[in-house]
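Q: sequence below, structure please.
(2 chains)
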Number of protein chains: 2
Amino acid sequence: MNLSDIQTPALILDLEKFEKNCKDMKDRLGSRNVKIRPHLKTGKCLEFAKRQMTSLADPATVSTLLEAEYFFNRGINDILYAVSITPSKFERTANLIRQGCSLKVILDNETTAKALSAFCKEENILIPVLIEIDCDGHRSGIAPTSDRLLSVAECLTNGAKLVGVLTHAGDSYKCYGEKACLKAQENERDSLVLAANRLRELGYNLSIISAGSTPTARFGQNWDGVTEVRCGVYCTYDLVMAGLGVCSVDEIALSVLVEVIGYQSEKGWIITDGGWMAMSRDRGTAQQPNDRGYGLVCDLSGKPIGDLIVASANQEHGIICSPSGQNLQEKDFPIGTRLRILPNHACPTAAQHPQYFVTKDEKIVDIWKRFYGWQ
Amino acid sequence: MNLSDIQTPALILDLEKFEKNCKDMKDRLGSRNVKIRPHLKTGKCLEFAKRQMTSLADPATVSTLLEAEYFFNRGINDILYAVSITPSKFERTANLIRQGCSLKVILDNETTAKALSAFCKEENILIPVLIEIDCDGHRSGIAPTSDRLLSVAECLTNGAKLVGVLTHAGDSYKCYGEKACLKAQENERDSLVLAANRLRELGYNLSIISAGSTPTARFGQNWDGVTEVRCGVYCTYDLVMAGLGVCSVDEIALSVLVEVIGYQSEKGWIITDGGWMAMSRDRGTAQQPNDRGYGLVCDLSGKPIGDLIVASANQEHGIICSPSGQNLQEKDFPIGTRLRILPNHACPTAAQHPQYFVTKDEKIVDIWKRFYGWQ
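A: Numbers count the residues shown, from 1 in each chain, chains lettered A, B, ... in the order given. You can find the predicted model right below:
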């Protein structure tokens, strides 16, 4: 089976690029003496996760408890749930731990820390906890210099055991080029080390110092004091990462196969069956100097065709235009022509599809199922 | 079971509002002597579709062949596939027709018309075809005044039988208020009637004159010459429709249940577990005067809380802010507080979830499964 034989739109994973991206990041972090704890939220698929890891015994990161359950039930054990836990999720967490999962949770406030401590006492269970550190003000966490770091740690008692600190350099998604990413990584590392040292001075024994984001993972040189790096989108990359200079367009392993279904010759538009349902509504490159619309248009080999982008999209329609004004006509892209669209952001695009069509040299060599939802 | 008993994030369908929206549109179009051919792409769910229709024998619209197959296998027969067909989808179309499905396809170009005619001859099958008309320049279709309308019709031979014309007033999604929507509807109707008359003058017998969009369906008064109206999002509505004045915020039947997981007291932010994976990446209100971010924040009864919106989102994090500068603190929204977020655009938000939690008076009365994908 090849790319002409399947119905469009379809999610395509270039196996060689994907495996190379996975290996490169393992090698890169290995050479810098820090463990990788890959984020499995991008793939939401066991076969995908296996390539991110070296063995199922390796550390992994998830963003939902359904992901934790899914991967634990398939043999992955060392799992960090990297979104702040709340009381309504304690029971589901405890169920995994009782079944033998080495699940770790995170939190960043006294209320949750106290509630978890009370839960652990009542249930007579040990739940390992990392405190989330805010290294760049983009989302959750406690500033590494804040008094609240110590007060949250003090609220962890009984089986709610403080084992580490964690941060996510979310602002690195706005860092253009190696130098800016490196600066974000140094800040990420320094924030974590500062927070860890403050807690250690009080006698806490921390074994996990967890940093993570693809831009900082790609360019970070010195991870002293950090034990592991979480990253996710590095395994496929996408146009947002290429726009930052974190990868080249050629390294992007994920694309959506679409088909030309019509044209508007007076406007120079080509119309495809790849709308936002297939690409997702993500417009991440809209904030970058080089706006790629809903995606960059490539031929079947994955090579970009001029500057063509999916300039606009409806649910099941994509409109392909040339930003430089090339007038696209039916003769250039006859009805039925198949194209591959590189996505702005791999995570939401993949989430629109129930499976990956895994390709090698334009042949489909496997189909990997994804899962979705929360319950 | 009520809204406190399920894991978050979760997709909530308010049954009473949903059923009222469905009934109102049926009554409205009925009183205007035009049939409704509801679009089933918003719901992607049989129980949902049943409320849009009066009986499974009613006409329906789909946006993918998987939708056609899914609904045909569950008893819906009169199906219009409202995205231009291409040769790679002929066989799948023919399979449905051979099984007894009254499936109709659309196209807007000579190449596809000729290919379909050849296919019908070879397979000895009748496939009913509508020509897509471009009434407002927003996407696909042939201008009603174009010579190409006649040349495409001439290319339909053998079993590829021309039975009608279809248009979608996509530009009505930029029409603010009743007057502007009404103007879009008159243009939609007039374009269709003009195209139909031109074809009838050549002797074509057209039985389906199909218009459709929620704004034009809501405000259209005179549908003379149109046989049916396709509309989809009217059954749940959303913030984009409310922003146009097509519905009130109170009529929106779809929301995402989220939980407060943290806060940033210095910034006045509340953080929830409803990120873009739960809301979708749709930012439809960003183009409107009243930008609602990733959604409007409501209490459990569905009532908006001040001007609070989900101002930004990561995959599994939503950041709630007050655009007017209200400083949100933990005491106002304690950890674990549950909120309902109204979405920008019902179709992509619903697509992020495997099921609807159907509620009545804040009690969960049913769970309806959705499907997704294309293959």
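Q: spell out which residues of the stretch 151-300 of chain A are next to chain B.
A: A:170, A:259-264, A:267, A:271, A:273, A:276-278, A:280-283 (C-beta under 8 Å from any C-beta of the partner chain). Heads up, the C-betas are built off the backbone N, CA and C, glycines and all.
Q: for the stretch 1-150 of chain A, same thing?
A: Selection of the stretch 1-150 of chain A residues close to chain B by C-beta under 8 Å from any C-beta yields A:6-10, A:41, A:63-65, A:83-89, A:92, A:107-109, A:111-112, A:115, A:134, A:137, A:139-140.
Q: of the residues you listed, grab the buried ones for ChimeraX.
A: Buried members of those, defined by 16 or more other C-beta atoms under 10 Å in any protein chain shown, are picked up in ChimeraX with:
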select /A:6,7,8,9,10,41,63,64,65,83,84,85,86,88,89,92,107,108,109,111,112,115,134,139,140
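Q: so which of the residues of the stretch 1-150 of chain A next to chain B are in strands?
A: Mapping those onto strands (DSSP state E) picks out A:10, A:107.
Q: downstream of the strand or helix carrying A:A68, the next helix or strand is which one?
A: Secondary structure from DSSP states H and E places A:A68 in helix A:65-72. Using DSSP H and E, the helix or strand that follows helix A:65-72 in sequence is strand A:78-81.
Q: that following strand - what's its average pLDDT?
A: Strand A:78-81 carries an average pLDDT of 98.
Q: would you tell me which helix is longest in chain A?
A: helix A:177-201 (DSSP state H).
Q: okay, buried residues for that helix please.
A: By 16+ other C-beta under 10 Å, the buried positions in helix A:177-201 come out as A:180-182, A:184-185, A:187-189, A:191-196, A:198-199.
Q: for the residue of chain A positioned farthest from its centre, helix, strand, or coil?
A: Ranked by distance from the centre of chain A (C-alpha atoms, centre = their mean), the top residue is A:E266, with 40.4 Å. Secondary structure, DSSP: H, G, I helix; E, B strand; the rest coil: A:E266 is coil.
Q: now do A:K50
A: helix.
Q: quick check: the gap between it and chain B.
A: Per C-beta to the nearest C-beta, to the nearest Å, A:K50 is found 21 Å from chain B.
Q: if we can go back for a sec, ok, which pair from the buried residues of helix A:177-201 is furthest apart?
A: Greatest spatial distance among these (C-beta to C-beta): A:A180 and A:L199, at 29.3 Å.
Q: let me see the contact set for the residue nearest in space to the middle of chain A.
A: Among the residues of chain A, the one closest to the centroid is A:G232, at 3.5 Å (C-alpha atoms, centre = their mean). With contact taken as C-beta atoms under 8 Å, 6 or more residues apart in numbering or on different chains, A:G232 is in contact with A:38-42, A:61, A:214, A:347.
Q: how close does A:N73 sit to B:L46?
A: 29 Å (C-beta to C-beta, to the nearest Å).
Q: which one's more surrounded, these two?
A: B:L46 (19 against 12; other C-beta atoms under 10 Å in any protein chain shown).
Q: pretty sure that one sits against B:F71.
A: Yes: between B:L46 and B:F71 there is a contact at 7.1 Å, judged by C-beta atoms under 8 Å.
Q: A:M241: which element?
A: Assigned by DSSP H and E, A:M241 falls in helix A:239-244.
Q: sorry, back to before: would TSV of the contacts of A:G232 with pLDDT be doable?
A: As requested, the contacts of A:G232 are arranged in TSV below (pLDDT from 0 to 100):
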residue	pLDDT
A:P38	98
A:H39	98
A:L40	98
A:K41	98
A:T42	96
A:T61	98
A:T214	97
A:C347	98
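Q: filter the residues you listed down to the buried ones.
A: Among the contacts of A:G232, those classed as buried by 16+ other C-beta under 10 Å are A:38-42, A:61, A:214, A:347.
Q: in the stretch 101-250 of chain A, which residue sits closest to chain B?
A: Proximity of the stretch 101-250 of chain A to chain B (C-beta to the nearest C-beta) peaks at A:T111, 4.5 Å away.
Q: what's the burial count for the nearest residue to that residue once chain neighbours are set aside?
A: Of all residues not flanking A:T111 in the chain, B:I335 sits nearest, at 4.5 Å (C-beta to C-beta, 6 or more residues apart in numbering or on different chains). The local packing of B:I335 (other C-beta under 10 Å) involves 24 other residues.
Q: how about the secondary structure of B:I335?
A: Here B:I335 is coil, with the state taken from three-state DSSP.
Q: residue contacts, it?
A: A:86-87, A:109, A:111-112, A:115, B:260-263.
Q: the same query, at a cut-off of 7 Å, please.
A: Going by C-beta atoms under 7 Å, 6 or more residues apart in numbering or on different chains, B:I335 touches A:86, A:109, A:111-112, B:260-261.
Q: so what strands line up beside the host helix or strand of A:F357?
A: Using DSSP H and E, A:F357 sits within strand A:355-360. With DSSP bridges as the test, strand A:355-360 is paired with strand A:10-14 (parallel), strand A:363-369 (antiparallel).
Q: and that strand, average pLDDT?
A: On average, strand A:355-360 scores 98.
Q: now swap in stretch A:326-333 and tell me
A: 94.
Q: pull the residues that contact it.
A: With contact meaning C-beta under 7 Å, 6+ apart, stretch A:326-333 is reached by A:260, A:263, A:265, A:268-270, A:306, A:320, A:322, B:111.
Q: just the CA trace of that stretch, in CSV.
A: Backbone C-alpha positions of stretch A:326-333 (Å, rounded to 0.1, in the frame of the first residue of the first chain) are rendered in CSV as follows:
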residue,chain,number,x,y,z
GLN,A,326,1.6,32.5,-7.9
ASN,A,327,-1.7,31.8,-9.8
LEU,A,328,-2.6,28.2,-9.2
GLN,A,329,-4.5,26.5,-11.9
GLU,A,330,-6.0,23.1,-12.5
LYS,A,331,-3.3,22.1,-15.0
ASP,A,332,-0.7,22.5,-12.3
PHE,A,333,-2.6,20.5,-9.7
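Q: about what we covered before: list just the nearest of the contacts of stretch A:326-333 to A:I364.
A: Proximity of the contacts of stretch A:326-333 to A:I364 was ranked by C-beta to C-beta; the top entry is A:V260 with 20.3 Å.
Q: just to be sure, the closest one is in a strand?
A: Yes: counting by three-state DSSP, A:V260 is part of a strand.
Q: which residues touch it?
A: Going by C-beta under 7 Å, 6+ apart, the list of residues near A:V260 reads A:270, A:272, A:333-337.
Q: just the buried ones from the residues you listed, in ChimeraX syntax?
A: Of those, the buried ones can be selected in ChimeraX as follows, counting by 16+ other C-beta under 10 Å:
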select /A:270,272,333,335,336,337
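Q: can you tell me which of the residues of the stretch 1-150 of chain A next to chain B are in helices?
A: A:65, A:92, A:111-112, A:115.
Q: using a markdown table, please lay out those together with pLDDT and distance to B:A160.
A: Listed next are these as a markdown table, based on pLDDT from 0 to 100; distance: C-beta to C-beta, whole Å:
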| residue | pLDDT | distance to B:A160 |
| --- | --- | --- |
| A:L65 | 98 | 52 |
| A:R92 | 98 | 55 |
| A:T111 | 98 | 66 |
| A:T112 | 98 | 63 |
| A:A115 | 98 | 66 |
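Q: can I see the domain layout of chain A?
A: By the record's domain assignment, chain A is partitioned as A:15-232, A:247-369 (automatic domain parsing).
Q: okay, now A:D299: neighbour count?
A: Residues near A:D299, counting by other C-beta under 10 Å: 12.
Q: show the pLDDT at it.
A: For A:D299, the model assigns a pLDDT of 98.
Q: thanks again, I'm all set now.
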